[in-house]
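K.L.:
got a sequence here, can you build the structure:
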Amino acid sequence: MATAPRIYQFPRLFKRISNQKQQFTKHFINLRESKSYRLDNQTVIVPGLKMLRELRDDGFKMRSVVVTAEKEPHDESAIKHPAIDVLRNPDAFPAERYFVCDVDLTRRILGTASRPGRHEIFAELELKQQEIPANADRLLVFDHVNDPGNLGNLVRTGKALGWNAGLITTGTCDMYNDKTIRASRGLTLKWPHRLVKVPDLVSYLTERNMTPVVADMLPSDSKNDDRWTPPHSNLCFWNFKGKPQMLPERPALILSSEHKGVEGLDDELRVSIPMAQGVESLNVSSAGSMIMYELNRLLRGQYTFQKLQ
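P.N.:
This next block holds a predicted model:
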């Protein structure tokens, strides 16, 4: 008489979720798809071992941890890294609940754009309030940046270049969108930011002694005497309107979608990247990254010059 094939027994701690109608499956899907649901629950779905380790080490609490594995693996060797690591040592990822599901359900929960593997892990993390430091001397301001990939890339680049905090206007996409989180490698969860309405933006920056600097295309009809390019730089500043032509010591760089200007900010200083003919505009992520890098260099050089004097 033939014996039944061996089937791996998952640890009892891990509960199986198997279809979209189950409570926690719907909960996870809603967290990914609905901004209001995320904010009401104050949690977000984050995939990937590396991001989860970093966020865990930064003090983020996990409500649920989910391991992806086939429904009836023949033995432990059928479950690969990183899923098997969590199954063997769940204490490394402390959570209130642990689940296991197959890759088809994982793809439904995380979305096919995330390209989850057959041995994926993901978790539901509690959001943490990240206050903007009082001594922040450079801020990024996102106005109507609607593409989550661009937003995530800008936060990641800003963090790398020392622009460690920012403001989000009501027209910008969600910082906790799954695509934004992936593009930023989880940094949008840790990056201090605050939501500010556009009409309140200038007064908020003035209170912090910050100078608004709007990234904009250089108009062909702007007066040459209003344009200023710092020595050994490619950036062009304009719209001084009689004010001294100098670098702002505490800049707040305002970045907006290329097809939409910043409403209500007409008198503020502008900065542009001169471009060759035939190129209408740059992607906001590319332009913002170049301006941040160049402003860092110019401000560092200005500080060194003043110190030498």
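K.L.:
shouldn't E96 be within a helix?
P.N.:
No - assignment of E96 by DSSP: H, G, I helix; E, B strand; the rest coil gives strand, placing it outside any helix.
K.L.:
what residues are up against it?
P.N.:
M62, R63, S64 (C-beta atoms under 8 Å, 6 or more residues apart in numbering). From N, CA and C alone the C-beta is placed, and that goes for glycine too.
K.L.:
restricted to buried residues, select the residues you listed in ChimeraX.
P.N.:
Burial among the contacts of E96 is assessed by 16 or more other C-beta atoms under 10 Å; the matching ChimeraX selection reads:
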select :62,64
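K.L.:
what about the stretch 201-309 of the chain, any weak spots by pLDDT?
P.N.:
221-223, 258-264, 302-309 (pLDDT under 70).
K.L.:
all the helices of it, residue numbers only.
P.N.:
284-308 (DSSP state H, counting those that start in this stretch).
K.L.:
filter the contacts of E96 down to just the ones in strands.
P.N.:
Members of the contacts of E96 lying in strands (criterion: DSSP state E): M62, R63, S64.
K.L.:
need the CA coordinates for stretch 118-127. CSV is fine.
P.N.:
In CSV, the C-alpha atoms belonging to stretch 118-127 read as follows (Å, rounded to 0.1, in the frame of the first residue of the first chain):
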residue,chain,number,x,y,z
ARG,A,118,7.6,32.9,-4.7
HIS,A,119,9.3,33.2,-1.4
GLU,A,120,8.5,36.8,-0.6
ILE,A,121,7.9,38.3,2.8
PHE,A,122,5.9,41.5,3.6
ALA,A,123,4.6,43.1,6.7
GLU,A,124,2.0,45.6,8.0
LEU,A,125,3.9,48.4,9.8
GLU,A,126,2.6,51.1,12.1
LEU,A,127,3.3,54.6,10.8
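K.L.:
and stretch 129-143, end to end?
P.N.:
Stretch 129-143 has an end-to-end distance of 21 Å (C-alpha to C-alpha, to the nearest Å).
K.L.:
for it, buried residues please.
P.N.:
Neighbour count says stretch 129-143 has Q130, I132, A136, D137, R138, L139, L140, V141, F142, D143 buried, by 16+ other C-beta under 10 Å.
K.L.:
which other residues reach that stretch?
P.N.:
151, 154-155, 158, 162-169, 171-172, 190-194, 198, 201, 205, 208, 210, 212, 249-256, 262, 288, 292, 295.
K.L.:
let's see it at 6 Å
P.N.:
Residues outside stretch 129-143 that contact it (C-beta atoms under 6 Å, 6 or more residues apart in numbering): 158, 163, 165-169, 172, 192, 194, 210, 250-256, 262.
K.L.:
mark which of those are buried, thanks.
P.N.:
Here, 16+ other C-beta under 10 Å leaves 158, 163, 165-169, 172, 210, 251-256, 262 buried among the contacts of stretch 129-143.
K.L.:
related to what we said a few turns ago, as TSV, the contacts of E96 with distance to P11 would be great.
P.N.:
Formatted as TSV, the contacts of E96 follow (distance: C-beta to C-beta, whole Å):
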residue	distance to P11
M62	17
R63	19
S64	15
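K.L.:
closest to R185 out of the contacts of E96?
P.N.:
M62 (17.8 Å; C-beta to C-beta).
K.L.:
can you map out the strands along this structure?
P.N.:
14-16, 43-47, 62-68, 95-101, 121-126, 139-143, 166-168, 193-195, 211-215, 236-238, 251-256, 269-272.
K.L.:
could you say what helices and strands the second one packs with?
P.N.:
Translated: strand 43-47. helix 23-33, strand 121-126 (3 or more C-beta pairs under 6 Å, 6 or more residues apart in numbering; DSSP states H and E).
K.L.:
of the ones you listed, flag the one that's most buried.
P.N.:
strand 121-126 (a mean of 23; mean count of other C-beta atoms under 10 Å).
K.L.:
show me what that strand is in contact with.
P.N.:
Taking C-beta under 6 Å, 6+ apart as the rule, strand 121-126 contacts 43-47, 49, 52, 60-67, 82-83, 86.
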